[in-house]
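Q: Fold the stuff below for me.
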Amino acid sequence: MTSSSTLVVPVEIRNALLERAREGAPEEICGVFGGECDPAPDGRSRVRSQYPAENVAEAPRTRYRIAPEEQLAIFEELEGDGEDIVGFYHSHPEGPSAPSETDAAQATWPDRSYLIVSLEPLEVGSWRWREDEAGGRFERERLILE
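A: Numbering: from 1, shown residues only. The predicted structure follows:
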């Protein structure tokens, strides 16, 4: 499903994520985006910074998880810098840039962006998590590089 929301990402941040995903393969990398968040269905969120996190998942080749303590520290840092929590990113070293069933089952931040870096094929996709009567779903959003 496609929404009319947009995520604006600086090219330098996209390039840094691609490099980190290549270096982290075959395991998934992950982190948090800071910036300006517009949670409206047609909202335009803007990434200003990215906060890399350690992937502490039990199976890091196919899952990602940020330790709660590290996530809280990142949230405090970005909020201290006057930024909103725009969303999260992770990689799929051997899969598509679309959310997996596990990604959907673990998504907990409504109206935030989830950017996925795929290495095979090399592409980047962005999705908004929307809560609904069925629990929730990802909607593809426009990704603008600047």
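Q: how many neighbours does residue 97 have?
A: Using other C-beta atoms under 10 Å, residue 97 has 20 other residues around it. All C-beta spots, glycine's among them, are computed from the backbone N, C-alpha and C.
Q: I figured it was touching residue 116, is that so?
A: Yes: between residue 97 and residue 116 there is a contact at 4.7 Å, judged by C-beta atoms under 8 Å.
Q: what residues do those two have in common as contacts?
A: Common contacts of residue 97 and residue 116, defined by C-beta atoms under 8 Å, 6 or more residues apart in numbering, comprise 124, 125.
Q: tell me which element residue 144 falls in.
A: Using DSSP states H and E, the element containing residue 144 is strand 137-145.
Q: How about that strand, which residues are buried there?
A: Of the residues in strand 137-145, 138, 140, 141, 143 count as buried by neighbour count, 16 or more other C-beta atoms under 10 Å.
Q: likewise stretch 15-29?
A: 17, 18, 20, 21, 24, 27, 28, 29.
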